[in-house]
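>>> structural data only, the sequence is not supplied:
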């Protein structure tokens, strides 16, 4: 007598490190949709359709994010990636097992991994009472984080994974903080022979103060532990009556140093000017001692890897999420992050497949 369907053994979790044809097509098609920030509509419409074919309840939300959910259990896990890229289109080609194209690493590779891994683990997650929500967020690269901010309106999940390249055998626990400082000095014109400092000289006094502080603070520290400051722009103008100079300084902060140090440096420089801050993000360093991290470590080991922890000197939506949700956090995804934003951006198909297998297993281990 034939077994009833409900009596049959449940399908085994597919942990093959080689992506299926459908999983590879998902990644390639996403990369072919060139989607610099604020132009994510086409790729997100495609992503919604692709998730629906895999059984996700998928739609675009009001921010323009592609959102797909699998399962109806009480335990929710959010996989938050981003579908936008920096500008600079790279001809897309798949050659010798390597996909070249803008976004292959940052961060369509990780986002495609989220969709593929959740799809593979669908049946196991249903049996475990888990609901997985994949978000392809908009505007991560242009500092507005519009998509992540909208996604954070959701109730706090049990765990959250941020889609950023870490390499298939590593998880990222930390990102530096970020701040842009626009500083403007305005003063009456002086005769060149008066000996009075110009607006440019006054503004550059602030930059020298920042340089000196960073040099002293960074003594003996690693790149992660140090303060990184960059003079991004200097402009000046004069109209015969007034003299004006403007500096833009970019800061990257370690967790040990708060954003308030910028105000301290402006005061220390003693320059009278107009201060405007932009894009402030606090640094984040997630705990290693969480069920989420343990699940990833076990999944990586089972896949033949030696798991590693990473911290990064840039920022991501993880900085934002950590301020709102107190759940366990990591960033994960295939790819070499040193290729982010470069004309050499590419992702190995093998790396992509291994990351899918690791994440699918980690989701079931939580």
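All right, it came through fine. This is a predicted model, so every value here is computed, not measured.

>>> helices and strands around the longest helix anywhere in the chain, which ones?
In the chain, assigned by DSSP state H, the helix with the most residues is helix 199-217. Helix 199-217 sits against strand 177-188, strand 228-238, strand 242-253, helix 261-269, with contacts defined as 3 or more CB pairs under 8 Å, 6 or more residues apart in numbering; DSSP states H and E. All C-beta atoms are positioned from the backbone trio N, CA, C, and that covers glycine.

>>> wait, which of the ones you listed is closest to residue 321?
Taking CB to CB, strand 177-188 is the member of the helices and strands packed on helix 199-217 nearest to residue 321, at 13.9 Å.

>>> got the buried residues for the closest one?
Buried residues in strand 177-188, counted by 16 or more other CB atoms under 10 Å: 177, 178, 179, 180, 181, 182, 183, 184, 185, 187.

>>> one more: stretch 295-309?
Residues 295, 296, 297, 299, 300, 303, 305, 307, 309 are the ones in stretch 295-309 that count as buried (16+ other CB under 10 Å).

>>> pLDDT of it, averaged?
Averaging pLDDT along stretch 295-309 gives 98.

>>> and if you look at stretch 208-227?
Stretch 208-227 comes out at a mean pLDDT of 97.

>>> gap between the two ends of it?
One end of stretch 208-227 to the other measures 15 Å (CA to CA, to the nearest Å).

>>> circling back to that earlier point, can you give me the angle the longest helix of the chain makes with strand 242-253?
Per axes from the mean of the first three to the mean of the last three CA atoms, to 10 degrees, the angle that helix 199-217 makes with strand 242-253 is 20 degrees.

>>> now do the contacts for the residue nearest the centre of the chain.
Nearest residue to the geometric centre of the chain (CA atoms, centre = their mean): residue 316, 3.2 Å. Applying CB atoms under 8 Å, 6 or more residues apart in numbering, we find residue 316 in contact with 140, 162, 164, 175, 331.

>>> of the helices and strands packed on helix 199-217, which is nearest residue 80?
Among the helices and strands packed on helix 199-217, if distance is taken as CB to CB, the winner is strand 177-188, at 18.2 Å.

>>> tell me the strands beside that closest one, with direction?
Paired neighbours of strand 177-188 in the sheet (DSSP bridges): strand 242-253 (antiparallel), strand 274-281 (antiparallel).

>>> how far does that strand sit from its chain's centre?
Strand 177-188 sits 26 Å away from the centroid of its parent chain (CA atoms, centre = their mean, to the nearest Å).
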